[in-house]
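Trainee: Below are the sequence and a predicted model; questions follow.
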Amino acid sequence: MTKKASFTRILDERQHEIALSTDDLRVSYGGHEALHGVSLQFERYKITSLIGASGSGKSTYLRSLNRMNDTVAGAQVTGKIMYRDVDINTSQVDVYEVRKHIGMVFQRPNPFSKSIRENITFALEQRGLHDAKKLAAIVETTLKQASLWEQVKDDLNKSALALSGGQQQRLCIARALALEPDILLMDEPASALDPISTANIEQTMQDLKKQYTIIIVTHNMQQAARVSDYTAFFHQGQLIEYDQTRRIFTRPQVQLTEDYVSGHFG
Ligand SMILES: Nc1ncnc2c1ncn2[C@@H]1O[C@H](COP(=O)(O)OP(=O)(O)OP(=O)(O)O)[C@@H](O)[C@H]1O
């Protein structure tokens, strides 16, 4: 992606705006294909869950979407990843630019060993933003978006590592939002959290989807059913079924999906 890339609106046949799509996306590790040609479209301002048993390829797929698999030794990704009208799976594209548009929140909260404020400002300063007023405004806005502001506004210089796990995860969400992404990828963002923190993260996601497109990997089917508009079911490196979440959970078209969502395997 270059600065010059023009981002036209891409619509599907139902006139829904598509934020991101993949076409025949394949991932191999050391020559062994783990993801076998996945084609999917992600609708803008919606939450899509990726579900499936352990090892089905959900994280591999998610990590490809903002080129994180580039950092995995021996990984090879082929196929198209269309962000608006740009194929971002090409060597000409600047991966740092990609990750600015398509941010990621990981399974375990991973704040930097810095203050709450610095966790948010660090990447911005690295990119040359030093205006104290602007930085302060971004800290406040993103912490509000991540539903953490009220709890930390008087303690912004405190170490991020002194926060609870749920608060750390919301700080990581704020940190990702500070780069003003368009799309947020979340790899089991609540799996390390207690039920109350999980509920808070889920509420935060509902608030965020007004402004962001969210793609989440989750093992928790109740969570997928609660939070997402669309669900994609993966099995053994293949996309088996993709549909509106309520259809996947009530009237799936494929027997394998039915077996999985009704708890017969996985
Ligand atoms: N870095 C890696 N090197 C080699 N093989 C890998 C690597 N990461 C994933 N795999 C393999 O790719 C396949 C898909 O794994 P992946 O982690 O994407 O599945 P998953 O559905 O996200 O599983 P989980 O729910 O357990 O995280 C598995 O066979 C796994 O062993």
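Mentor: Right, received. Where do you want to start? Numbering: from 1, shown residues only.
Trainee: so does the one helix or strand Ala34 maps to get close to the ligand?
Mentor: Per DSSP states H and E, Ala34 falls inside strand 32-43. Yes - contact of strand 32-43 with the ligand (CB under 6 Å from any ligand atom) involves Ala34. C-beta here means a position set from N, CA and C on the backbone, and glycine is covered the same way.
Trainee: Touching that strand from outside, list them.
Mentor: Here strand 32-43 makes contact (CB atoms under 8 Å, 6 or more residues apart in numbering) with 12, 16-28, 48, 57, 60-61, 64, 79, 183, 213, 215, 229-230, 232, 234, 237-239, 242.
Trainee: what about 6 Å?
Mentor: Contacts with strand 32-43, where a contact means CB atoms under 6 Å, 6 or more residues apart in numbering, come from 12, 16, 18-27, 48, 57, 60-61, 213, 215, 237-239, 242.
Trainee: Narrow those to just the buried residues.
Mentor: Listed as buried from the contacts of strand 32-43 are 18-22, 25-27, 48, 57, 60-61, 213, 215, 237, 239, 242; burial here means 16 or more other CB atoms under 10 Å.
Trainee: Given the strand holding Ala34, what are its sheet partners and their directions?
Mentor: If you go by DSSP bridges, strand 32-43 pairs up with strand 18-29 (antiparallel).
Trainee: pull the CA atoms of the strand it pairs with into PDB?
Mentor: Provided in PDB are the C-alpha atoms of strand 18-29 (Å, rounded to 0.1, in the frame of the first residue of the first chain):
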ATOM      1  CA  ILE A  18     -16.600  -4.500   2.000                       C
ATOM      2  CA  ALA A  19     -13.700  -3.500   4.300                       C
ATOM      3  CA  LEU A  20     -11.400  -6.400   3.500                       C
ATOM      4  CA  SER A  21     -11.600  -9.600   1.500                       C
ATOM      5  CA  THR A  22      -9.400 -12.600   0.700                       C
ATOM      6  CA  ASP A  23      -9.300 -14.600  -2.400                       C
ATOM      7  CA  ASP A  24      -7.800 -18.200  -2.400                       C
ATOM      8  CA  LEU A  25      -5.700 -17.400   0.600                       C
ATOM      9  CA  ARG A  26      -3.200 -20.200   1.300                       C
ATOM     10  CA  VAL A  27      -0.700 -20.500   4.100                       C
ATOM     11  CA  SER A  28       2.100 -23.000   4.400                       C
ATOM     12  CA  TYR A  29       4.600 -23.600   7.200                       C
END
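Trainee: Chain neighbours aside, what residue packs nearest to the residue nearest the centre of the chain?
Mentor: The residue lying closest to the centre of the chain (CA atoms, centre = their mean) is Leu185, at 0.7 Å. Residue nearest to Leu185 in three dimensions, not counting chain neighbours: Met104, with 4.5 Å by CB to CB, 6 or more residues apart in numbering.
Trainee: swap in Phe106?
Mentor: The shortest distance from Phe106 to any non-neighbouring residue, by CB to CB, 6+ apart, is to Asp187 (5.5 Å).
Trainee: Then Ala53?
Mentor: Nearest residue to Ala53 in three dimensions, chain neighbours excluded: Gly266, at 3.8 Å (CB to CB, 6+ apart).
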